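Novice: need coordinates for the below:
(chains A and B, ligands or ions: 3)
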Amino acid sequence: MPIRNVAHRLTPDQIQKNMADIAPAMSVEDATAEASRCLFCFDAPCTRACPTHINVPEFIKRLATRNIVGAARTILDANILGASCARACPTEVLCEGACVYNLEKAPPIQIGRLQRYATDPIVMTGKQVLPLAPDNGKRVSVVGAGPGGLAASAELRRLGYKVTCYDAQDKPGGLNTFGIAPYKMTNEEALLEAEYIRKMGVEFVLKARVGTDVPLSQLEAQSDAIVLAVGLGGTSKLGLSGEELDGVCGATEFIEEVRRDPTRVVLGRRIIVVGAGNTSIDAATEAKRLGAETVTIVYRRSEKEKGCYDYEYNLAKKDGVVFHWLVNPVRVVGVAGAVSALECIRMRLGPPDASGRPAPEPIAGSEFALPCDMLIKSTGQEKRVGFFKAISGVDVKGGRVVVNEGYRTGNPKYFAVGDCVNGGKEVVNAAAEAKKAAAAIHRALFGPAAIPVPQPGPRLAKPAVHPPMPF
Amino acid sequence: MVDLTSNLAGIKSPNPFWLASAPPTNSAYQVMKAFDLGWGGAVWKTIGEPIVNVSSRYSSVNYKNFRMMGLNNIELITDRPLEENLHELREVKRYYPDRALIASLMVESTREAWHTVVKQVEDCGVDGLELNFGCPHGMSERGMGAAVGQVPEYTCQIVEWVKQVARTPVIVKLTPNISNITYPAMAAQGAGCDAISLINTINSITGIDLDTFEPRPKVRGKSSHGGYCGPAVKPIALNLLATLTTNPKFNRPVSGIGGIENWQDAVEFLLLGATNVQVCTAVMHYGFRIIDELTAGLTAWMEQKGFRTLDDFRGKSVPRIVDWGDLDLNYKIIAKIDPKKCIGCQLCYIACEDGAHQSIALNPDPNVRVPVVLNDVCVGCNLCSLVCPVDGCITMTEVDNKKPQTSWRQWQAKLAASKGAAVAAPAHGSHNAP
Ligand SMILES: Cc1cc2nc3c(=O)[nH]c(=O)nc-3n(C[C@H](O)[C@H](O)[C@H](O)COP(=O)(O)OP(=O)(O)OC[C@H]3O[C@@H](n4cnc5c(N)ncnc54)[C@H](O)[C@@H]3O)c2cc1C
Ligand SMILES: Cc1cc2nc3c(=O)[nH]c(=O)nc-3n(C[C@H](O)[C@H](O)[C@H](O)COP(=O)(O)O)c2cc1C
Ligand code: SF4
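Specialist: Numbers count the residues shown, from 1 in each chain, chains lettered A, B, ... in the order given. Ligands and ions are numbered 1, 2, ... in the order given. Below is the predicted model of the structure:
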């Protein structure tokens, strides 16, 4: 796409430096010292805060005694995507945010980095540490090899299923490979994690779009159950005139380009990102790190209502991203077919809207133009509604597939997990849902007792109160 | 103005901090450097027939992020020729006359050998002698060190020999590797020693390499019983010190040793009756410079408490150590959790539930993480307050149960009286028997 003013392209070395790990691997000393700080809370808040309920104190205790395989086993048993979650999770609002040290005004345990320390030597080297149940004779097809599909495939393999996982892309991993910011997770790491799951015995069929390349009827015929983990679609339209101009793109598409090869991305000198969610921040930060001269985020609400986490927000601010709050785009302006400016209007906060946040209202006559060479749209992703319509019994509400507590859709053969169900959350939510869906499939096919729940043994009563002194 | 000077059986030093006989006092080079930095005294690395050491020699116990919580060694006495040691002792005394310089001695168990070495070191101008009856490894196999310290008769014999010729005060350094420290201490006292120092190192094996099965420290795939010291041994040293200082028949000054790393440790030894203290591991870990923290901390504490000299507080805690049978059985405390300080780790809950008396309950609302003490069942054991990671969050508070102070002894006496029997304190073995 011809861009009016192309930014000076950084050298591959510089790009590599700018995209380097923001939470680098720990040394053995660092990890052991950090692990030793863990208080080993009872009924630990971090474990509760994790959507997959990893037994955090247990894995950390194992690290403190240098039992790395044991630590990895604890993590992967709860969350097979422990390695990517260690990198991708917004830990400050999950486990680390719940760490009791926060209440002491002390830094929380660096759970994410410790989790990476524990899982990398296992997952990145392909060392199998989880037992697989013997083949149970049943077969499941999984649609989508993103976090949801990968986790579902692995969990079903562990239960003894023969699993085939289809993905339309040329590489597995979904947004782990094509979406998460490169300074959080590299392509190599995302692919090694998928490889780990392949080694567990999951069969991958890539460049195979189910519904077109592979008919659903084939899947139905060959499978005892089907898991849909197709994620969300491309970036939503803004619905403004000039949106089709050159130099206008969607955030997820831009990020996919960055993930595929950051050294080949063509950037405008001045970039505007529309939206203030986590994806917007990622797009803005990545653009800045690739050499854009200015990156400006415009958002129609105020700073308080922004959708991104504080951690992401601070990262973007540190990178020099500029924020325009209470500014709404009204028209994309172009010169010779390429974007040259974004016409905006100032907003003010009115009474609360359906989301409970104050509704932004335009201030008449406050229009102004922000010049730019590239416009990245980031106001959400489209839903794959069309795909689901083709499956009888599968309901979609508000763009989300409707499921029960076992992630079963209205069609008893179909289960669904991940972004397509939750509307777009995190990797860890996809993993948690996948695990629940796998258990539900197992119970559906082998009966409610298929996954035994440990029962406590007998107990005598607690001893009577210590007798008082006889005088 | 606080006065830190100390006087152990006539041996004066500007402060109560001495270097214990060990690698930090191997040479004049080291001791002179230490004196420059402010150490009050030094007990020279034990002098005797020079030996040959093995390599390696040390191993340690780490606790979580703390290195060398305990240190173990299989080193012997000095490996330097006697003449060199004597020469250096003389030089150190010449340049640092105001510091206490003590010769630690260990020779074969004959009168001649002891008479000779005592004369040799005293001729160098040392201020006192410390007889090393403590070294638990190597030397004991040769009939010296702990082999003497573990047999009160031998201790008595050698102290007598030394006292026959010594012109300076004689300190006897005791081994903790014995079932009752009172016996060798009383033997040394009976033989006329001027002071006791304790403890030397405790027999130990610190650990094993789980890959090679070699115990540490490794000497060509093997190891030996070593001597344990450092912060880990302080409670044992304090106990042995108190065993002597609470014994009315014991009347010698004590130089306290074992796990002293900071001024608080030193104050504890002094409160339990030590006259001064000696330090080894802490210096091996951090160097002589720690003397600064030791003297500054002690001075500040004494100022704050209004003590002018060490004698003002020496032994202040000794009367507070009594036999268990004299403790008040009617004293009652219970745990109290400050919900404002509680961070919700629930360690107190699981400790009491699984490890004590099931006296703490979780809040019925799982979102409220502050546990609840069951006042009626709490036995006041302290465990919860010990595991609590927040200072001052769990306090043990006294409950007035309106009962008179009554110890086990008094109780037994009452029981005896109620049965019409003679009121005699029940026979109750004391830990400092002789
Ligand atoms: C830019 C961006 C940044 C993010 N950053 C983070 C982060 O830092 N941390 C975090 O935890 N989460 C982050 N997320 C969210 C996270 O990536 C998603 O929640 C997660 O990937 C959802 O997994 P999924 O498997 O449901 O979907 P996806 O990852 O989207 O995977 C869906 C897969 O299904 C395939 N597919 C779709 N339709 C078909 C079909 N018909 N046939 C075959 N295959 C099909 C797709 O090719 C894709 O590979 C980010 C998301 C975005 C967009
Ligand atoms: C390596 C080493 C060598 C020692 N050598 C001697 C010695 O030669 N003579 C002696 O009386 N004590 C010796 N000790 C014991 C110390 O003097 C001291 O009693 C003991 O270490 C306890 O004190 P600490 O906890 O401060 O180290 C040695 C200790 C160590 C660690
Ligand atoms: S003092 Fe002991 S018994 Fe009482 S609550 Fe604490 S741990 Fe339980």
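Novice: what's the burial count for the closest residue to ligand 3 within the stretch 201-350 of chain B?
Specialist: Relative to ligand 3, the nearest point of the stretch 201-350 of chain B is B:A335 (3.9 Å; Cβ to the nearest ligand atom). Yep, even glycine has a C-beta here, placed from its N, CA and C like the rest. Using other Cβ atoms under 10 Å in any protein chain shown, B:A335 has 25 other residues around it.
Novice: could you do A:E34 as well?
Specialist: 21.
Novice: tell me how far it lies from ligand 1.
Specialist: 22 Å (Cβ to the nearest ligand atom, to the nearest Å).
Novice: just the strands in the stretch 301-450 of chain A please.
Specialist: A:322-324, A:327-335, A:338-352, A:358-362, A:368-371, A:374-377, A:396-397, A:400-401, A:414-416 (DSSP state E, counting those that start in this stretch).
Novice: for B:P23, phi and psi?
Specialist: Phi and psi for B:P23, reported as degrees, to the nearest 10, are phi -50, psi -40.
Novice: quick one, what contacts the nearest residue to B:A103 once chain neighbours are set aside?
Specialist: Nearest non-adjacent residue to B:A103, counting by Cβ to Cβ, 6 or more residues apart in numbering or on different chains: B:V121, 3.8 Å away. B:V121 sits next to B:I47, B:L86, B:L89, B:A103, B:L105, B:L129 when contact means Cβ atoms under 8 Å, 6 or more residues apart in numbering or on different chains.
Novice: same deal with B:C378?
Specialist: For B:C378, the contact set (Cβ under 8 Å, 6+ apart) comprises B:I334, B:A335, B:H357, B:S359, B:I360.
Novice: okay, and which of those map to strands?
Specialist: Residues of these located in strands (DSSP state E): B:I334, B:A335, B:I360.
Novice: mind putting the residues you listed into JSON lines with pLDDT?
Specialist: Output for the ones in strands among the contacts of B:C378, formatted as JSON lines (pLDDT from 0 to 100):
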{"residue": "B:I334", "pLDDT": "96"}
{"residue": "B:A335", "pLDDT": "98"}
{"residue": "B:I360", "pLDDT": "97"}
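Novice: from those, pick the one nearest chain A.
Specialist: Distance ranking of the ones in strands among the contacts of B:C378 against chain A, using Cβ to the nearest Cβ, places B:I360 first at 10.5 Å.
Novice: check which helix or strand the closest residue to the closest one other than its chain neighbours maps to.
Specialist: Leaving aside its chain neighbours, B:I360 sits nearest to B:C352 (4.2 Å; criterion: Cβ to Cβ, 6+ apart). Counting by DSSP states H and E, the element that carries B:C352 is helix B:347-355.
Novice: in that helix, which residues are buried?
Specialist: Judged by neighbour count (16 or more other Cβ atoms under 10 Å in any protein chain shown), helix B:347-355 contains these buried residues: B:L347, B:C348, B:Y349, B:I350, B:A351, B:C352, B:E353.
Novice: what do you get for stretch B:178-191?
Specialist: Quick answer for stretch B:178-191 (16+ other Cβ under 10 Å): B:I178, B:I181, B:T182, B:Y183, B:P184, B:A185, B:M186, B:A187, B:A188, B:Q189, B:A191.
Novice: repeat that for stretch B:95-103.
Specialist: B:Y96, B:R99, B:A100, B:L101, B:I102, B:A103.
Novice: look up how far ligand 1 lies from the second one.
Specialist: Pointing back at B:R99 there. Applying Cβ to the nearest ligand atom to B:R99 and ligand 1 gives a distance of 64 Å.
Novice: show me what contacts that residue?
Specialist: B:S13, B:P14, B:F35, B:W39, B:G40, B:G41, B:A42.
Novice: go with 6 Å
Specialist: Shown in contact with B:R99 (Cβ atoms under 6 Å, 6 or more residues apart in numbering or on different chains): B:F35, B:G41.
Novice: burial count for residue 78?
Specialist: Answering for chain A, as no chain was given. Other residues within reach of A:A78, judged by other Cβ under 10 Å, total 20.
Novice: let me rephrase: I mean chain B.
Specialist: 25.
Novice: how far away is it from B:T25?
Specialist: 9 Å (Cβ to Cβ, to the nearest Å).
Novice: find residues that contact each of those two.
Specialist: Counting by Cβ under 6 Å, 6+ apart, the residues touching both B:T78 and B:T25 are B:K45.
Novice: okay, now the residue of the stretch 151-300 of chain A found nearest ligand 2: neighbour count?
Specialist: Using Cβ to the nearest ligand atom, the single residue of the stretch 151-300 of chain A nearest to ligand 2 is A:E189, 47.2 Å away. For A:E189, the neighbour count with other Cβ under 10 Å is 23.
Novice: before we move on, which element is it in?
Specialist: For A:E189, the element it lies in under DSSP H and E is helix A:187-199.
Novice: so what strands line up beside the helix or strand following that helix?
Specialist: Downstream of helix A:187-199, the first helix or strand assigned by DSSP H and E is strand A:203-205. The strands beside strand A:203-205 in its sheet (DSSP bridges) come out as strand A:162-166 (parallel).
Novice: may I see the buried residues of the partner strand?
Specialist: Counting neighbours by 16+ other Cβ under 10 Å, one finds that the buried residues in strand A:162-166 are A:K162, A:V163, A:T164, A:C165, A:Y166.
Novice: do the helix or strand that comes right after that strand and ligand 1 come into contact?
Specialist: Next in sequence after strand A:162-166, counting helices and strands by DSSP H and E, comes helix A:175-178. Yes: applying Cβ under 6 Å from any ligand atom, one finds helix A:175-178 in contact with ligand 1 at A:L175.
Novice: repeat for stretch A:244-263
Specialist: Yes: residues of stretch A:244-263 contacting ligand 1 under Cβ under 6 Å from any ligand atom: A:T252, A:I255.
Novice: kindly report the same for stretch A:272-284.
Specialist: Yes: counting by Cβ under 6 Å from any ligand atom, ligand 1 has neighbours in stretch A:272-284: A:N278, A:T279, A:D282.
Novice: hmm, the second one is touching A:E253, no?
Specialist: No: taking contact to mean Cβ atoms under 6 Å, the distance of 11.1 Å between A:T279 and A:E253 leaves them out of contact.
Novice: tell me how many other residues crowd B:M302.
Specialist: 20.
Novice: nearest residue to it other than its sequence neighbours?
Specialist: Nearest residue to B:M302, sequence neighbours excluded (Cβ to Cβ, 6+ apart): B:V2, at 4.6 Å.
Novice: please tell me I have it right and the one you found contacts B:T299.
Specialist: Yes: if you go by Cβ under 6 Å, B:V2 and B:T299 touch, sitting 5.0 Å apart.
Novice: still on that earlier bit, in helices only, show me the buried residues of stretch B:178-191.
Specialist: Among the buried residues of stretch B:178-191, DSSP state H puts B:T182, B:Y183, B:P184, B:A185, B:M186, B:A187, B:A188, B:Q189 in helices.
Novice: picking that back up, export the buried residues of stretch B:95-103 as a markdown table, with columns for pLDDT and distance to B:D292.
Specialist: A markdown table is the format used below for the buried residues of stretch B:95-103 (pLDDT from 0 to 100; distance: Cβ to Cβ, whole Å):
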| residue | pLDDT | distance to B:D292 |
| --- | --- | --- |
| B:Y96 | 98 | 18 |
| B:R99 | 98 | 16 |
| B:A100 | 98 | 19 |
| B:L101 | 98 | 21 |
| B:I102 | 98 | 22 |
| B:A103 | 98 | 27 |
